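> got a predicted structure plus its sequence, pasted below:
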Amino acid sequence: MSGQRVDAKVVMLGKECVGKTSLVERYVHNRFLIGPYQNTIGAAFVAKPIQVEDKVITLGIWDTAGSERYEAMSRMYYRGAKAAIVCYDLTDCWSFARAKFWVTELQKSEEQCRIYLCGTKGDLIEGNRSLRKVDYHDAQDYADEYCSHLHFLLLSDSDNNISENVCICIFKKISHIQYSILLAHCAAKEKGVDLAQKKSSYFYCCHH
Amino acid sequence: MAADVHNKKVAWETQNGSLAPVGKLRAERSDSPTPGLVEGTEPGAGQDDAMFVHTRSFEDLTADGEEGEDTDPSGPASGLGTPLGDREQPEAEPVGPEEEQAPEAPAGGRAEEEDVTSEAWRGRRKHVFVLSEAGKPIYSRYGTEEALSSTMGVMMALVSFVEAGKNVIRSIHADGYKVVFLRKSPLVLVGVAHTRQSERELTRELLYIYYQIVSLLTLTQLNHIFQRKQNYDLRRLLAGSEHLTDNLLKLLDRDPGLLLCAVSCLPLPSSTRDVISSSLQAAKSKSLVFSILLAGNQLVTLVRKKDQYLHHMDLHLLFNLVGSSSSFREGEGWTPICLPKFNTAGFFHAHISYLEPASDLCLILVSTDREDFFNLSDCKQRFLERLRRRSAYPALQEATRSPSYPVSQVGIPELRHFVYKSKSSGLYTSPELPAPYQTEEEQERLMGLYQYLHSRVHHTTRPLRSIYHCGERENLLAWVTSGFELYLCFSPLGTKAQAVMAINKLLKWIRKEEDRLFILSPQTY
């Protein structure tokens, strides 16, 4: 599935209820979703134009449903994607297993796709460390194992400016700027930087 | 005490039930004083072709339920048969490497789960349970499925015990409760109700729930899963869909459309509707089968591929999908969906999006090609441009601000509410609910009365043409001809003679307003 009006395709992957839609809402509309959790049905597409240097680039963001029911369909969403943001919930170890599943899938079929591993709901474990189910070292080891040839970004940004009384399914605000940079980065890559140049791999970690 | 007076034969009913020369009748449609006694000429009847698969109310649904398995999978879809590109088996391996994982708790979703041992839980009007043939819980309307696994085990034991004797359990009636079983392999559905609904009505509701599940997975996949692993926990695949089923059950209690197998239209000047229809018609694409524009739970227009008909049930499932999820407000939705009355074997792919972020107007483009998202997205843009160019959009927005009309417009003082269905078009109209019926309980009580009349009128062995029902708080009249079904609700002080008089007046009013209330000229691509 390739769109004419989209310069770079970005796909959100991960188990249901980890906060993919919230991330996209936050990034695209700069708003939090309030109210009860609503699962995404199928996938939702949003086109987001961004300014990179002097050019306007349109990101086509595919926010996929996490339910296993739609797993067969997910392949068409990540086909040809320039970047994939694979999310897991820090308070849910099963979601990390699903994230690994998606990373493996992407590595198998989309060599050109940059993968960003993203831990969410950092604010929940901030108040209560015992809620944490995905160990920092597990995530790091997993990332290390692959970082020789892949790009990982572990996000679970804590921003103390935001009040903590957020709904359980809305994770902490991912720093808006950082997220823009991240997305702008993949767009810039699309624009001309050699994408095949994989040696200069980097590994960001803002995981607690 | 309720008293029922029913006439087996109504003097003013055409004796000859067959279709008179339709063209001739149509020419006279607006002159006829008691229009619509014959199918195809009633107020609201479409001029050309019906938009929907023709259904005679719920007979064909219940017949379907009683037959057991659909023998002919092509059904009404035979025209499109195999060319539907997307028949391939879903490539997912539903039973992944993680299959030994303990079942997860249903993700988020329903706020508080009830204690299944409490009196409040027992006292619920209507329970619905879905289980697999291995007796594994799949869905419960109230309470968590885990807590009910032994109860569901008992249900399955009952089903199997009767089946062992080469028989089928349909229902149990005891202590004011009806326990209704619907066996649709590989699922078993059980309804427990203490309402006035008949067993058939309850079976029909269970059938809706069954189709809701099929619409998410397809029957092919469902069979495939349970053939591979009989004790598969289907909740894994249905995760997140509980609120769709919850909402559908709510609609079944409140929406006359599901009872009558009909759809209501947004009242709209016919010139505006024509512009919208032709704009949708022009924004076509090769893979497009249906273009549907909704305003809340009302239909604005529907354009279909030639020779392809949508079934009401499928349309209601689409309504339910859109109405119970905010997911489509986020961006342009793209989802596989099976329309079970069209074909239980394959997925369509639906492009679902609101015309504007805060608007109630939602466009559903149903396609056969899962790669066609951007084409359909273009179709939507073309549709919107055309709509704006022909300045129909403001009129449409204006109409969505008053999606209904007060019953006082009809000018019958005793009349409180009515539901009128045109059989040939499969559309119905109904005014907004007046004062005593605005709370949820009262709304459901009125619907309960309509359901009761409906089941009396459509009784399997003793069907009725009309029935007058005197209650404590209102009087009701139902009248069914080969052209329409009419249910009226009057103040309790009215008389039967007044009620009968009201019918003619109401039919004349509907005839006068039919341009606005119905879709008279459905379009195809």
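Yes, it's here. Numbering: from 1, shown residues only, chains lettered A, B, ... in the order given.
> check which helix or strand covers B:Val180.
If you go by DSSP states H and E, B:Val180 is part of strand B:177-184.
> with B:Phe319 instead?
In this structure, B:Phe319 sits in helix B:312-323 according to DSSP H and E.
> what's the answer for B:Ala395, then?
Short version: B:Ala395 belongs to helix B:393-401, going by DSSP H and E.
> picking that back up, rounded mean pLDDT for the helix holding B:Phe319, please.
Helix B:312-323 shows a mean pLDDT of 94.
> what about stretch B:289-303, how long is it end to end?
Taking Cα to Cα, to the nearest Å, the first and last residues of stretch B:289-303 lie 8 Å apart.
> how far does that stretch sit from its chain's centre?
14 Å (Cα atoms, centre = their mean, to the nearest Å).
> show me what counts as buried in it.
B:289-295, B:297-303 (16 or more other Cβ atoms under 10 Å in any protein chain shown). From N, CA and C alone the C-beta is placed, and that goes for glycine too.
> okay, those in CSV with pLDDT, distance to B:Leu493 and secondary structure next?
Converted to CSV, those look like this (pLDDT from 0 to 100; distance: Cβ to Cβ, whole Å; DSSP: H, G, I helix; E, B strand; the rest coil):
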residue, pLDDT, distance to B:Leu493, secondary structure
B:Val289, 94, 51, strand
B:Phe290, 94, 46, strand
B:Ser291, 95, 47, strand
B:Ile292, 96, 42, strand
B:Leu293, 96, 42, strand
B:Leu294, 94, 38, strand
B:Ala295, 93, 36, strand
B:Asn297, 89, 32, coil
B:Gln298, 94, 32, strand
B:Leu299, 95, 36, strand
B:Val300, 95, 38, strand
B:Thr301, 94, 41, strand
B:Leu302, 94, 41, strand
B:Val303, 94, 46, strand
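> redo the residues you listed as JSON lines? Include distance to A:Val56.
What follows is the buried residues of stretch B:289-303, written out as JSON lines (distance: Cβ to Cβ, whole Å):
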{"residue": "B:Val289", "distance to A:Val56": "36"}
{"residue": "B:Phe290", "distance to A:Val56": "36"}
{"residue": "B:Ser291", "distance to A:Val56": "32"}
{"residue": "B:Ile292", "distance to A:Val56": "34"}
{"residue": "B:Leu293", "distance to A:Val56": "32"}
{"residue": "B:Leu294", "distance to A:Val56": "34"}
{"residue": "B:Ala295", "distance to A:Val56": "35"}
{"residue": "B:Asn297", "distance to A:Val56": "39"}
{"residue": "B:Gln298", "distance to A:Val56": "39"}
{"residue": "B:Leu299", "distance to A:Val56": "39"}
{"residue": "B:Val300", "distance to A:Val56": "35"}
{"residue": "B:Thr301", "distance to A:Val56": "36"}
{"residue": "B:Leu302", "distance to A:Val56": "38"}
{"residue": "B:Val303", "distance to A:Val56": "35"}
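> and the helix or strand following the helix holding B:Ala395, what's its mean pLDDT?
For helix B:393-401, the following helix or strand on the C-terminal side (DSSP H and E) is strand B:415-422. Here strand B:415-422 scores 95 as its mean pLDDT.
> give the partner strands of strand B:415-422 in its sheet and their orientations.
Using DSSP bridges, strand B:415-422 pairs in its sheet with strand B:427-429 (antiparallel), strand B:484-490 (antiparallel).
> hey, what's B:Val188 bridged with?
Judged by DSSP bridges, the bridge partners of B:Val188 are B:Leu131, B:Arg183.
> my guess is it contacts B:Leu158. True?
No: counting by Cβ atoms under 8 Å, B:Val188 stays clear of B:Leu158, with 9.9 Å between them.
> quick check: mean pLDDT across the helix holding B:Ala395?
91.
> ok, now stretch B:274-281?
93.
> now for whichever strand or helix holds B:Ala497, which elements pack on it?
Using DSSP H and E, the secondary-structure element containing B:Ala497 is helix B:496-517. Counting contacts by 3 or more Cβ pairs under 8 Å, 6 or more residues apart in numbering or on different chains; DSSP states H and E, helix B:496-517 is packed against strand B:415-422, strand B:475-480, strand B:484-490.
> dump the ones you listed to JSON lines, plus mean neighbour count.
Below are these laid out as JSON lines (neighbours: other Cβ atoms under 10 Å in any protein chain shown):
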{"stretch": "strand B:415-422", "mean neighbour count": "25"}
{"stretch": "strand B:475-480", "mean neighbour count": "24"}
{"stretch": "strand B:484-490", "mean neighbour count": "25"}
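> is it possible to get JSON lines of the ones you listed that adds distance to B:Leu384?
Shown next, in JSON lines, are the helices and strands packed on helix B:496-517 (distance: least, Cβ to Cβ, whole Å):
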{"stretch": "strand B:415-422", "distance to B:Leu384": "30"}
{"stretch": "strand B:475-480", "distance to B:Leu384": "41"}
{"stretch": "strand B:484-490", "distance to B:Leu384": "36"}
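> B:Arg386 is nearest to which of those?
Set against B:Arg386 and scored by Cβ to Cβ, these come closest in strand B:415-422, at 28.9 Å.
> relative to helix B:496-517, how tilted is that closest one?
With axes from the mean of the first three to the mean of the last three Cα atoms, to 10 degrees defining the directions, strand B:415-422 sits at 60 degrees from helix B:496-517.
> mind exporting strand B:415-422 as CSV, just the C-alpha atoms?
These are the backbone C-alpha positions of strand B:415-422, laid out as CSV (Å, rounded to 0.1, in the frame of the first residue of the first chain):
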residue,chain,number,x,y,z
LEU,B,415,-51.0,10.2,18.6
ARG,B,416,-47.9,10.0,20.7
HIS,B,417,-45.5,8.1,18.5
PHE,B,418,-45.4,5.8,15.5
VAL,B,419,-43.1,3.6,13.4
TYR,B,420,-43.9,3.2,9.8
LYS,B,421,-42.0,0.8,7.6
SER,B,422,-42.2,0.7,3.8
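> for B:Leu318, state which of the buried residues of stretch B:289-303 is nearest.
Nearest member of the buried residues of stretch B:289-303 to B:Leu318, counting by Cβ to Cβ, is B:Ile292, at 6.8 Å.
> ok, now how distant is that closest one from chain A?
Between B:Ile292 and chain A the computed distance is 16 Å (Cβ to the nearest Cβ, to the nearest Å).
> for the closest residue to that residue other than its chain neighbours, helix, strand, or coil?
Of all residues not flanking B:Ile292 in the chain, B:Ile364 sits nearest, at 4.3 Å (Cβ to Cβ, 6 or more residues apart in numbering or on different chains). With DSSP: H, G, I helix; E, B strand; the rest coil as the basis, B:Ile364 sits in strand.
> confidence score at B:Ile364?
96.
> pretty sure it contacts B:Leu318?
Yes: applying Cβ under 8 Å, one finds B:Ile364 in contact with B:Leu318, separated by 6.0 Å.
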